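Asker: A structural model of the following input is requested.
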Amino acid sequence: MRIKARLTVMNFLQFFIWGSWLISLGSYMGGVLGFSGIQIGSVFTTMGIASLFMPGLLGIVADRWLNAERVLGISHIIAALFLIYASTLTDFPSFYIAILLHSFFYMPTIALNNAVSYALLERNNSNIVKEFPPIRVMGTVGFVVAMWVIDFCGWTQSPYQLYVSAGAGIFLGIYSFTMPAVVPAHNPEKKSFASALGLDAFVLFRRKKMAVFFVFAMLLGAALQITNAFGGPFLDDFKTTHPNSFAVQRPNILLSISQISETLFILSIPFFLNRFGIKRIMLFSMLAWVLRFGFFALGDPDERFWLLLLSMIVYGMAFDFFNISGSLFVEKEAEPTIRSSAQGLFMIMCNGVGAIIGGLASGWVVDHFTVNGVKDWQSIWFTFATYALLLAIIFPIAFREKK
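Answerer: Numbering: from 1, shown residues only. Purely as a prediction, here's the structure:
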C-alpha cells in the first residue's frame with residue numbers, strides 16, 4: 001500500500017505540472033505577449049519536436065547508466081528551471097527556445113514516470129494491469145486540479161502559471177530522488193538508440209493496413225494540438241461580447257470538462273473495441289473531432305453555451321478512441337520482438353510529427369482568418385471541422401481490416 005500511495009502522488013504531480021500551463025499558455029501568449037497564431041502554434045510544436053527523440057535518448061540513459069528515478073528527478077528539475085526562465089521573457093524567439101528546452105526535458109518524463117511505476121509495482125508483486133490504471137487516473141486528476149488552481153487564482157493570462165508548474169516540477173524532482181531505486185537492467189541485449197526511437201518498427205509500414213493506420217494516427221495527432229493551442233484564446237475573445245459569462249470568467253474550469261470526459265471514455269474502450277473493432281473506433285474518433293470543432297464554431301457563452309459543453313464532452317471520445325485504442329491496436333498487431341519499438345513509433349507519429357503539423361497548420365489557419373487583430377473564430381473552427389470530416393470520409397476507404 002505504501003508504494004502505491006507514493007506512486008499515486010508521483011503520477012498526480014507528473015500531470016499537475018503539465019496542466020498548470022498546457023491549456024492556458026495560448027491565452028497568455030496571445031493576450032499578453034501579443035504573439036501571432038503561427039507563433040503560438042510554433043510554441044506548441046516544441047513538444048512534438050522533443051517527442052521525436054528525447055524519450056528514446058533518456059530512456060537509454062535510464063536503461064544503461066543511471067537509475068530511472070534519478071533520471072526522472074534530474075529531468076524535472078532542469079525542465080522547471082527553463083519554465084522559470086521562460087516566465088521572464090516577452091519576445092517570441094527567446095520564449096520559443098526556452099519552451100523548447102523545457103520540452104526536451106519534460107516530455108521524456110512521461111515515459112520515465114511509467115517506467116518507474118511499472119518497475120516498482122512489479123517489485124512489489126502487484127498486478128500491473130490491475131493496479132496501474134487507478135494510479136494513472138490520478139495523473140488526469142492532477143491535470144484538472146492544476147487547471148482549476150490557475151483559473152481560480154486568475155492566472156490564465158499570467159506568467160504565474162509557469163511558476164506554479166515550475167514549483168511542482170522542482171518538488172517532484174526532489175521527491176523522485178526519495179523513491180526506491182530502479183537500477184539499470186544489465187541486459188546483454190541492450191536496446192539501441194534506433195530501437196528506442198521506434199525505428200525497428202518501421203517494418204510495419206510494409207503492411208498497407210499498418211501504414212494507413214500510422215498516417216491517420218499522425219493526422220489525428222495534429223487535431224489534438226489544435227485545441228491545446230487555441231481553446232483558451234477562443235474563449236478569451238468572448239470578453240468583448242460576454243465579459244461576465246462563465247466561459248470568460250472561468251475558461252480553464254470549462255475546458256477541464258474535456259479531461260474529465262477523457263477519464264470516463266477510457267472506461268468504455270474495452271466494450272467499444274470488442275464490439276466494433278479498430279476501424280470503427282477510429283472513425284468514431286474522427287466524427288467526434290468534427291463535433292468538437294463544429295460545436296466550438298456554433299457555440300457561445302450565452303444562449304448556445306450548451307454547445308460549448310457538448311464540445312467538451314465529445315473530446316473524451318475524440319482523444320481516447322484514437323490514442324488509447326490505437327495503442328492497444330499496435331500492441332496486438334506488432335510482433336513481440338518489436339512491440340516496444342512499435343509503441344515508440346506510435347508516439348512519434350501522434351505526439352511528434354502530428355503535433356508539429358497540427359501546431360504549424362493551426363497557427364497558419366488562425367492567422368489566415370485574422371483581420372486587423374480580430375479573429376473569425378467561426379470560420380477557423382469550421383475549417384478544422386472540415387479537416388476532420390475529410391479524414392472520416394477517406395479513412396474507411398483507405399483502411400482495410402479483416403473481421
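Asker: list the contacts for Ala247?
Answerer: Contact criterion C-beta atoms under 8 Å, 6 or more residues apart in numbering gives Leu235, Phe238, Leu254, Pro301, Phe305, Leu308 as the residues in contact with Ala247. C-beta coordinates here come from the backbone N, C-alpha and C atoms, glycine included.
Asker: phi first, then psi, for Val371.
Answerer: Listed backbone geometry of Val371 is phi -120, psi 120, with angles given as degrees, to the nearest 10.
Asker: quick check: buried residues in stretch 76-91?
Answerer: Residues 76-87, 89 are the ones in stretch 76-91 that count as buried (16 or more other C-beta atoms under 10 Å).
Asker: strands - which of the contacts of Ala247 land there?
Answerer: Where those are compared with strands, as defined by DSSP state E, there is no overlap at all.
Asker: before we move on, back to that, among the buried residues of stretch 76-91, which are in helices?
Answerer: The helices, defined by DSSP state H, take in His76, Ile77, Ile78, Ala79, Ala80, Leu81, Phe82, Leu83, Ile84, Tyr85, Ala86, Ser87 from the buried residues of stretch 76-91.
Asker: list just the nearest of those residues to Leu120.
Answerer: His76 (17.1 Å; C-beta to C-beta).
Asker: apart from its neighbours in sequence, what residue is nearest the closest one?
Answerer: By the measure of C-beta to C-beta, 6 or more residues apart in numbering, the closest residue to His76 outside its immediate chain neighbours is Gly173, 3.7 Å from it.
Asker: could I get the pLDDT score of the one you found?
Answerer: Residue-level confidence at Gly173 comes out at 94, pLDDT.
Asker: any regions of this structure where pLDDT drops low?
Answerer: Screening the chain residue by residue with the criterion pLDDT under 70, one finds the ranges 1, 128-129, 185-200, 336-341, 343, 401-403.
Asker: which one's the longest helix in it?
Answerer: For the chain, the helix that runs over the most residues, judged by DSSP H, is helix 251-298.
Asker: packing partners for that one?
Answerer: Under the contact criterion of 3 or more C-beta pairs under 8 Å, 6 or more residues apart in numbering; DSSP states H and E, the helices and strands touching helix 251-298 comprise helix 128-152, helix 208-236, helix 246-249, helix 305-333, helix 377-398.
Asker: in the second one, what counts as buried?
Answerer: When you say that, I think you mean helix 208-236. Neighbour counts over helix 208-236 (16+ other C-beta under 10 Å) mark 209-210, 212-236 as buried.
Asker: helices or strands next to that helix in the packing?
Answerer: helix 25-31, helix 37-64, helix 246-249, helix 251-298, helix 305-333, helix 339-347, helix 354-368, helix 377-398.
Asker: you'd agree Trp381 is up against Trp289?
Answerer: No - judged on C-beta atoms under 8 Å, Trp381 makes no contact with Trp289 at a distance of 11.2 Å.
Asker: follow-up on the earlier one: most neighbours among the contacts of Ala247, which one?
Answerer: Comparing the contacts of Ala247 by number of neighbours (other C-beta atoms under 10 Å), Leu235 comes first, having 27 neighbours.
Asker: please tell me how far that one sits from Trp148.
Answerer: Between Leu235 and Trp148 the distance, using C-beta to C-beta, to the nearest Å, works out to 15 Å.
Asker: next: Val330.
Answerer: 34 Å.
Asker: can you put the contacts of Ala247 in TSV and add distance to Ala201?
Answerer: What follows is those, written out as TSV (distance: C-beta to C-beta, whole Å):
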residue	distance to Ala201
Leu235	39
Phe238	44
Leu254	39
Pro301	45
Phe305	44
Leu308	39
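Asker: looking at those, which one is closest to Gln161?
Answerer: Among these, Leu235 lies closest to Gln161 (C-beta to C-beta), at 15.5 Å.
Asker: show me the contacts for the closest one.
Answerer: Shown here is Leu235, whose contacts under the criterion C-beta under 8 Å, 6+ apart are Ser27, Ala247, Val248, Pro251, Leu254, Leu255, Pro301.
Asker: output those residues as a markdown table; include the columns distance to Phe15.
Answerer: What follows is those, written out as a markdown table (distance: C-beta to C-beta, whole Å):
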| residue | distance to Phe15 |
| --- | --- |
| Ser27 | 20 |
| Ala247 | 24 |
| Val248 | 26 |
| Pro251 | 19 |
| Leu254 | 19 |
| Leu255 | 15 |
| Pro301 | 28 |
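Asker: so which of these is the closest to Pro396?
Answerer: Using C-beta to C-beta, Leu255 is the member of those that lies nearest Pro396, at 30.7 Å.
Asker: surely the closest one touches Gly232?
Answerer: Yes - at 6.9 Å, Leu255 and Gly232 qualify as touching, with contact defined as C-beta under 8 Å.
Asker: which neighbours do these two have in common?
Answerer: Listed contacts common to Leu255 and Gly232 are Ile23; contacts here mean C-beta under 8 Å, 6+ apart.
Asker: sorry, back to before: from the buried residues of stretch 76-91, which is closest to Arg2?
Answerer: Nearest to Arg2, judged by C-beta to C-beta, of these is His76 at 21.9 Å.
Asker: in contact with the closest one, which residues are there?
Answerer: For His76, the set of contacting residues under the criterion of C-beta under 8 Å, 6+ apart consists of Ile17, Phe105, Tyr106, Thr109, Gly169, Ile170, Leu172, Gly173, Ser176.
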